[in-house]
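A.B. asks: Here you go, sequence then predicted model.
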Amino acid sequence: MASLSQKLSAEFVGTFAFVFVTAGSICAGQYLRTAGQGDLGILGIAVAQGLAFGIMVTALGHVSGGHLNPAVTIGFWVTKRLGTLQSIGYGIAQLLGAITASYVLAAILPESVWRPAALGTPDLSPDFTRIHGMALETVMTFFLVFVVFATTVDSRGAFNKIAGFAAGLTVTLDVLLGSAFTGAALNPARALGPALVAHHWQNHGVYWVGPLLGGVLGGVIYDRLYLRDQPPA
């Protein structure tokens with residue numbers, strides 16, 4: 001079994017990679033549009049984010065469970081499948097991973113590339129209210145955490161076979177659905193890192209309230225409906 005330090009380092013590295021690719025793909029799309037060289041488009045960005053999440057969950061799931069997202073961790077905490085101190089440690093590691101990734105990306109890319117895209121900081125579309133944004137982020141994150149519980153917590157699931165694949169596909173689907181409206185953060189760490197570097201805090205609370213509520217609902221609903229006969233590990 002992995003030690004706590006190994007678990008925390010895995011959450012840091014996994015979240016670093018996810019945010020680095022996520023913010024980087026958005027900046028790349030912005031650069032291509034500006035340079036008149038085409039565009040990654042929503043599909044390209046969604047696939048990049050889904051692959052990054054799925055690959056890192058697959059690579060690190062056996063160490064820490066591959067949460068890479070405070071919304072996933074809060075789902076484990078509220079269902080008593082992760083202790084309070086370890087949950088706090090996971091959250092800190094995830095936030096630090098996202099912040100570090102954002103600063104590294106900003107150091108590598110010219111400011112003229114990342115500044116127009118606010119380093120991929122999520123924000124609401126002009127006709128989308130904060131209530132709508134929180135609601136959509138809640139539902140999309142619910143899907144993600146529900147799938148994580150189904151494939152990693154449920155002993156009848158298939159962690160070793162498709163957990164990372166399923167989680168990555170869920171992120172891809174959520175980004176395809178929500179990126180035009182909220183940026184489809186699904187993850188407070190993914191929102192915080194770029195916002196801190198780009199100093200873009202508009203509507204930032206949406207990306208804490210929505211995902212964390214979705215994480216609680218996803219964890220609790222799956223736990224109550226399908227895991228009654230499986231006590232917390």
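C.D. replies: That came through, no problem.
A.B. asks: Need the outlier residue of this protein, farthest from its centre.
C.D. replies: Within the chain, the residue lying farthest from the chain centre (C-alpha atoms, centre = their mean) is Gly36, at 30.0 Å.
A.B. asks: Need phi/psi at that one.
C.D. replies: When quoted as degrees, to the nearest 10, the phi and psi of Gly36 stand at phi 70, psi 30.
A.B. asks: distance of the spatially most central residue of the chain from Val171?
C.D. replies: Computing the C-alpha centroid of the chain and ranking residues by C-alpha atoms, centre = their mean puts Asn187 first, at 4.0 Å. Look at Asn187 and Val171: by C-beta to C-beta, to the nearest Å, they are 9 Å apart. Placement of C-beta: from N, CA and C, glycine included.
A.B. asks: quick one: contacts for the residue nearest to the centre of the chain?
C.D. replies: Going by C-beta atoms under 8 Å, 6 or more residues apart in numbering, Asn187 touches 18, 68-71, 141, 207, 211.
A.B. asks: Could you rerun that using 10 Å?
C.D. replies: 15, 18-19, 22, 49, 53, 67-72, 94, 98, 122, 137, 141, 144, 171, 193, 207, 211-212, 215 (C-beta atoms under 10 Å, 6 or more residues apart in numbering).
A.B. asks: do Leu192 as well
C.D. replies: Neighbouring residues of Leu192 by C-beta under 10 Å, 6+ apart: 19, 70, 94-95, 98-99, 102, 121, 185, 201, 204, 207-208.
A.B. asks: Please list only the buried members of these.
C.D. replies: 19, 70, 94-95, 98-99, 102, 121, 185, 204, 207-208 (16 or more other C-beta atoms under 10 Å).
A.B. asks: Rebuild the residues you listed as CSV, extending it with pLDDT, secondary structure and distance to Val220.
C.D. replies: Shown next, in CSV, are the buried ones among the contacts of Leu192 (pLDDT from 0 to 100; DSSP: H, G, I helix; E, B strand; the rest coil; distance: C-beta to C-beta, whole Å):
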residue, pLDDT, secondary structure, distance to Val220
Val19, 98, helix, 27
Pro70, 98, helix, 16
Gln94, 98, helix, 20
Leu95, 98, helix, 23
Ala98, 98, helix, 25
Ile99, 98, helix, 29
Ser102, 98, helix, 31
Thr121, 97, coil, 29
Ala185, 97, coil, 21
His204, 98, coil, 25
Tyr207, 98, helix, 21
Trp208, 98, helix, 18
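A.B. asks: Put together CSV for the residues you listed, with distance to Val113 on each row.
C.D. replies: Below are the buried ones among the contacts of Leu192 laid out as CSV (distance: C-beta to C-beta, whole Å):
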residue, distance to Val113
Val19, 17
Pro70, 28
Gln94, 26
Leu95, 25
Ala98, 19
Ile99, 20
Ser102, 14
Thr121, 14
Ala185, 21
His204, 23
Tyr207, 23
Trp208, 27
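A.B. asks: which one of the residues you listed sits closest to Val197?
C.D. replies: Ser102 (4.4 Å; C-beta to C-beta).
A.B. asks: After the worst-scoring helix or strand of the chain on mean pLDDT, heading C-terminal, what element do we hit next?
C.D. replies: The weakest-scoring helix or strand in the chain, judged by mean pLDDT, DSSP states H and E, is helix 159-178 (a mean of 88). Toward the C-terminal end, the helix or strand that comes next after helix 159-178 (DSSP states H and E) is helix 188-198.
A.B. asks: So Arg33 is in contact with Leu40, correct?
C.D. replies: Yes: counting by C-beta atoms under 10 Å, Leu40 is a contact partner of Arg33 at 8.8 Å.
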